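Visitor: Structure of the sequence below:
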Amino acid sequence: MPSSCMSACNNRPCLILKEGVLGAGFILFFLYTSFFGGVLEGRVLTLEGDVVEGRIEFISAEGVVGIAGRKLPIDGLRSIIPEGSLLGEDESEGRVVLICGSEIAATGINVFEEEITCRSSGLDVLKLPIDAVRALRFGELIRGSRFQKGLLEWEASRELDTIFISGGAELQEVDGLIEEVDSDTLTFDRNDALQSIPLARAYGVVLASPLLKVDERPACVLTLVGGTRLRADINEFRDGHVKLSLVEGVKISVPWAQVSRISISSERLEYLSDIVALRVENKPLIAPNRSWQRDRTVSGLPLQIGDQVYDKGLGLASGMAVTFPNEGLHDLFLAEIGIDIDSGIRGDCEFAVFCGDREMFRKRVRGGEPAELVKVDITGASEITLRVDYGEDLDIADHADWGDACLLQRSK
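Guide: Reported below is the predicted structural model:
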């Protein structure tokens, strides 16, 4: 499992719980409007799904979060949202992706003598060793492109970099070794001969270094104003800056005002995408017959509801139901549900959770709506089923995401 990490938030101590009973189960869900804009109060979400509001005062080197006069262990939290946090507009030209999974919204990407430099909103000029970088993208993201799939799926170390060149209906691929990138030109070595292309034609590069395995990556993901997502260990937050370790030899300091959200992994969580399913049902009406996906949308792309990206979760479509065993002592199911951004404002379906034959939760969701946090008591259940039912538009565009879907054992 990922190592624990550290973080902080902002004013007015308060514990918020919204409860209801559906069937025999205890349900809690909390609407995170912050995914689509700002929030007035800072808050942290505990592993158990409780929300504590207040000002984040510090995060110590020992992993203690100070909020509104209280001290909470960071490994007991799922997320932190600073007071007045805003997602902000992404005005970057491209992305620098690190081997730990960090995605830096970058402008002015340069490569020279095994070092990559770039600028990013609210941060100093970043200087990164090329071995710490997984990919470079110089233009807007083309979801579902060969570049994106290569970035996600090429797990083994490769001898050569792959350069993706724009032009025509599909991106062209050329293997070589990146030598230099400046404001005008990308130069690479191909078969011991240097070749150059205008940077305007270079869509991106997937470098030879693979992504780290999931259990080797830092446990925290910081979403920054302007689109950057940093997967990092938090060394400390104090005096308005949070100090981070990204990969070996790469440490940076980020102004706290730049932080929109911090998501935290925990060893107490068991993600459903890591569990072998017991049963799968798939009854499409109009849409093609597809398979459910682990850590991807039903179409195989990264999970994203609004501006929130999820590294873990499940991708289903209407007409699908997947049953998982509850073999441990887990007594809570948690997930953030919504229609993936692939569907835009389309999509209309119902998310449902069952323990055996008992329906424990049901919620209708439409495209363009913010993610909702769902918490279901599964005490005593030997299995749990996630089902997506058709809405008004049958199964058209129902890319139903269960972000961070997991089982939790509450602390006793």
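Visitor: show me where this structure has helices.
Guide: All helices of the chain, identified by DSSP state H, fall at 146-153.
Visitor: which residues in the stretch 251-400 of the chain form strands?
Guide: Assigned by DSSP state E, counting those that start in this stretch, the stretch 251-400 of the chain shows strands spanning 259-264, 269-271, 279-282, 293-294, 303-305, 308-310, 313-317, 320-325, 332-339, 348-355, 358-366, 372-377, 383-390, 399-408.
Visitor: As CSV, the ones you listed with mean pLDDT and mean neighbour count would be great.
Guide: For every residue, glycine as well, the C-beta is placed using N, CA and C. Listed next are those as CSV, based on pLDDT from 0 to 100; neighbours: other Cβ atoms under 10 Å:
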stretch, mean pLDDT, mean neighbour count
strand 259-264, 91, 26
strand 269-271, 89, 20
strand 279-282, 94, 12
strand 293-294, 93, 18
strand 303-305, 91, 25
strand 308-310, 85, 23
strand 313-317, 94, 27
strand 320-325, 96, 19
strand 332-339, 94, 26
strand 348-355, 94, 22
strand 358-366, 94, 18
strand 372-377, 93, 20
strand 383-390, 95, 21
strand 399-408, 93, 26
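Visitor: Please render those as TSV that adds distance to residue 200 to the earlier fields.
Guide: Output for the strands of the stretch 251-400 of the chain, formatted as TSV (distance: least, Cβ to Cβ, whole Å):
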stretch	distance to residue 200
strand 259-264	31
strand 269-271	41
strand 279-282	44
strand 293-294	34
strand 303-305	27
strand 308-310	28
strand 313-317	34
strand 320-325	42
strand 332-339	35
strand 348-355	40
strand 358-366	39
strand 372-377	42
strand 383-390	42
strand 399-408	33
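Visitor: what sits against residue 163?
Guide: Shown in contact with residue 163 (Cβ atoms under 8 Å, 6 or more residues apart in numbering): 173-176, 178, 186, 188, 197, 202, 204-205.
Visitor: Nearest spatial neighbour of residue 277, chain-adjacent residues omitted?
Guide: Once flanking residues are discounted, residue 277 sits nearest to residue 322: 5.2 Å by Cβ to Cβ, 6 or more residues apart in numbering.
Visitor: quick one: the one you found and residue 314 touch, right?
Guide: Yes. If you go by Cβ atoms under 8 Å, residue 322 and residue 314 touch, sitting 7.0 Å apart.
Visitor: So for those two, which residues contact both of them?
Guide: What both residue 322 and residue 314 touch, as defined by Cβ under 8 Å, 6+ apart, is the set 292, 386.
Visitor: returning to that earlier point: nearest to residue 117, out of the contacts of residue 163: which one, please.
Guide: residue 178 (13.7 Å; Cβ to Cβ).
Visitor: If the closest one is in a bridge, with which residues?
Guide: Beta-bridge pairing for residue 178 (DSSP bridges): residue 188.
Visitor: in stretch 215-227, what's buried?
Guide: Buried residues in stretch 215-227, counted by 16 or more other Cβ atoms under 10 Å: 217-227.
Visitor: and if you look at stretch 53-73?
Guide: In stretch 53-73, counting by 16+ other Cβ under 10 Å, buried: 53-60, 63, 65-68, 72.
Visitor: what's the closest non-adjacent residue to residue 249?
Guide: Going by Cβ to Cβ, 6+ apart, residue 249 has residue 129 as its nearest residue, at 6.6 Å.
Visitor: again with residue 284
Guide: Nearest one to residue 284, counting by Cβ to Cβ, 6+ apart, is residue 319 at 5.1 Å.
Visitor: what do you get for residue 171?
Guide: residue 164 (4.5 Å).
Visitor: What is the neighbour count of that neighbour?
Guide: Per other Cβ atoms under 10 Å, the neighbour tally for residue 164 reads 27.
Visitor: what's near enough to touch residue 297?
Guide: By Cβ under 8 Å, 6+ apart, the neighbours of residue 297 are 303-304, 315, 340, 342, 399, 401.
Visitor: at 7 Å what do you get?
Guide: 303, 315, 340, 342, 399, 401 (Cβ atoms under 7 Å, 6 or more residues apart in numbering).
Visitor: related to what we said a few turns ago, with pLDDT and distance to residue 405 added, can I get the buried residues of stretch 215-227 in JSON lines?
Guide: Output for these, formatted as JSON lines (pLDDT from 0 to 100; distance: Cβ to Cβ, whole Å):
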{"residue": "217", "pLDDT": "91", "distance to residue 405": "19"}
{"residue": "218", "pLDDT": "93", "distance to residue 405": "21"}
{"residue": "219", "pLDDT": "89", "distance to residue 405": "18"}
{"residue": "220", "pLDDT": "94", "distance to residue 405": "19"}
{"residue": "221", "pLDDT": "92", "distance to residue 405": "16"}
{"residue": "222", "pLDDT": "93", "distance to residue 405": "22"}
{"residue": "223", "pLDDT": "90", "distance to residue 405": "19"}
{"residue": "224", "pLDDT": "91", "distance to residue 405": "25"}
{"residue": "225", "pLDDT": "87", "distance to residue 405": "27"}
{"residue": "226", "pLDDT": "86", "distance to residue 405": "28"}
{"residue": "227", "pLDDT": "86", "distance to residue 405": "25"}
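Visitor: what's the closest of those residues to residue 90?
Guide: Among the buried residues of stretch 215-227, residue 227 lies closest to residue 90 (Cβ to Cβ), at 3.5 Å.
Visitor: Touching, the closest one and residue 90? I think so.
Guide: Yes. Using Cβ atoms under 7 Å, residue 227 is in contact with residue 90, at 3.5 Å.
Visitor: Need the overlap of contacts for those two.
Guide: With Cβ under 7 Å, 6+ apart as the test, residue 227 and residue 90 both reach residue 105.
Visitor: give me the number of residues near the residue nearest to residue 284?
Guide: So residue 319, with other Cβ under 10 Å, has 22 neighbours.
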